[in-house]
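Sequence and predicted model, in that order:
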Amino acid sequence: MTYQHTRQVTGWVGWIWFGGMMMILSGFFDIITGLTALLADRVYLQALNRLVLVDVISWGWVHLGLGIVILATGVAVIRGQDWARMVGVILVMLNALTQLTWIAVNPWWSLAVIAVDVLVLYALIVHGREAKLD
């Protein structure tokens with residue numbers, strides 16, 4: 001007699017897909033931001049007495065690289081990859097923390113993004129295995 005393990009799939013699979021799609025969208029936005037900083041550096045102003053620790057070109061490379069990583073991780077989350085869940089959790093946590101740095105500039109947007117990040121974290125951590133493809 002053999003037993004087969006059946007996994008229960010709940011409505012949280014939709015949130016996992018939502019999280020993956022949000023990561024893909026965020027990756028595209030970061031790529032566009034990075035390319036803009038690299039190719040049209042006059043779009044961003046460098047001002048004295050501001051909390052900017054790198055120049056615009058370095059900032060562009062960071063955003064370009066981060067955007068590619070976030071985009072690829074979002075695709076892997078949708079495909080149900082276990083490693084992508086772990087990396088996605090780290091990236092979403094970093095995104096929530098970075099929103100805290102912007103909360104004084106745009107509080108309502110930052111709070112909305114943090115709330116979505118918390119939902120995505122819950123979906124990835126608690127229900128992430130449901131998205132795994134067999």
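Yep, it's here. Numbering: from 1, shown residues only.

Quick check: Ala76 touching Asp82?
No: using C-beta atoms under 8 Å, Ala76 makes no contact with Asp82, being 9.3 Å away. The C-beta positions use only the backbone N, C-alpha and C, and glycine is treated the same way.

which of the two has more neighbours?
Neighbours were counted for Ala76 and for Asp82 using other C-beta atoms under 10 Å; Ala76 has more, 18 against 11.

which SSE is the more buried one in?
According to DSSP states H and E, Ala76 maps onto helix 56-78.

where does this structure dip in pLDDT?
1-7, 41-55, 102, 105, 133-134 (pLDDT under 70).

Give me the angle between whichever helix or strand comes after the helix holding Ala76 and helix 56-78.
Scanning forward in sequence from helix 56-78 by DSSP H and E, the next helix or strand is helix 82-101. Here helix 82-101 runs at an angle of 140 degrees relative to helix 56-78 (axes from the mean of the first three to the mean of the last three C-alpha atoms, to 10 degrees).

Which neighbouring elements make contact with helix 82-101?
Helix 82-101 sits against helix 12-39, helix 56-78, helix 107-127, with contacts defined as 3 or more C-beta pairs under 8 Å, 6 or more residues apart in numbering; DSSP states H and E.

got a list of what the residue nearest to the spatial centre of the chain touches?
Centrality entry for the chain: nearest residue to the mean C-alpha point is Met23, 4.0 Å, by C-alpha atoms, centre = their mean. Met23 makes contact with Ile70, Leu71, Thr73, Gly74, Val77, Gly88, Leu91, Val92 under the criterion C-beta atoms under 8 Å, 6 or more residues apart in numbering.

Ignoring the adjacent residues along the chain, who's closest to the fourth one?
Meaning Gly74. Leaving aside its chain neighbours, Gly74 sits nearest to Met23 (3.0 Å; criterion: C-beta to C-beta, 6 or more residues apart in numbering).

can you check the second one too?
For Leu71, ignoring the flanking residues on the chain, the nearest one in space by C-beta to C-beta, 6+ apart is Gly27 at 2.8 Å.

wait, isn't the one you found in contact with Ile68?
Yes: here Gly27 reaches Ile68: they are 6.7 Å apart, a contact under C-beta under 8 Å.
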